[in-house]
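> all I have is the shape, not the residue letters:
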């Protein structure tokens with residue numbers, strides 16, 4: 001193979017790699033930072049997780065809630081919001097070895113049967129605070 005032929009092949013390969021490398025930039029540009037505060041019965045939720053589910057049914061990765069605050073990155077659109085938190089209840093469930101098992105304590109209206117919604121918009125602000133009460 002001649003030097004000219006090798007150089008030509010190198011240019012073609014570099015061009016293709018450059019094009020492929022740019023393929024995911026639109027997704028990265030379309031994501032938005034989403035933050036907020038979660039309270040339960042008037043107090044910041046100590047620990048938990050929050051998940052945003054798009055209209056297409058795809059769920060985000062769970063974002064940690066710590067001292068009531070959370071931050072995540074999402075694509076714009078209408079979302080259903082699921083919030084979970086668990087703690088060991090005195091006299092609660094035990095596993096096969098007798099160890100205490102953490103149990104969800106937030107009402108189903110905030111997770112499995114969620115009524116919570118958020119609309120993530122391009123260019124924000126995307127701050128969603130959720131005030132949860134015992135139902």
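Structure's in. What do you need? What you see is a predicted model; the values in this text were computed from it and never measured. Numbers count the residues shown, from 1 in each chain.
> hey, let's count contacts and neighbours off CA atoms from now on
Fine.
> map the structural domains onto the sequence of the protein.
1-30, 32-132 (automatic domain parsing).
> which one of the ones you listed has the lowest average pLDDT?
Lowest mean pLDDT within the domains of the chain: domain 1-30, at a mean of 51.
> the strand or helix carrying residue 33: how far from the chain's middle?
Per DSSP states H and E: residue 33 is located in strand 32-40. In terms of C-alpha atoms, centre = their mean, to the nearest Å, the gap separating the centre of strand 32-40 from the centre of its chain is 11 Å.
> strands of the chain, residue ranges please.
Using DSSP state E, the strands found in the chain span residues 32-40, 43-44, 47-54, 63-66, 69-74, 77-84, 86-88, 102-104, 116-120, 130-132.
> next, format those strands as a markdown table and append distance to residue 110.
Shown next, in a markdown table, are those (distance: least, C-alpha to C-alpha, whole Å):
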| stretch | distance to residue 110 |
| --- | --- |
| strand 32-40 | 11 |
| strand 43-44 | 15 |
| strand 47-54 | 10 |
| strand 63-66 | 14 |
| strand 69-74 | 16 |
| strand 77-84 | 6 |
| strand 86-88 | 13 |
| strand 102-104 | 11 |
| strand 116-120 | 6 |
| strand 130-132 | 8 |
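> pipe those into TSV and attach mean neighbour count per row.
Below are those laid out as TSV (neighbours: other C-alpha atoms under 10 Å):
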stretch	mean neighbour count
strand 32-40	18
strand 43-44	14
strand 47-54	20
strand 63-66	18
strand 69-74	19
strand 77-84	20
strand 86-88	14
strand 102-104	15
strand 116-120	17
strand 130-132	17
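> among these, which comes closest to residue 95?
Within the strands of the chain, the stretch nearest residue 95 is strand 102-104; the backing value is 10.0 Å (C-alpha to C-alpha).
> same for the closest one, what does it pack against?
On a contact count with 3 or more C-alpha pairs under 8 Å, 6 or more residues apart in numbering; DSSP states H and E, strand 102-104 meets strand 86-88.
> what does the strand it packs on rub up against?
48, 100-106 (C-alpha atoms under 8 Å, 6 or more residues apart in numbering).
> also stretch 59-77?
For stretch 59-77, the external contacting residues (C-alpha under 8 Å, 6+ apart) are 30-39, 44-55, 119-122.
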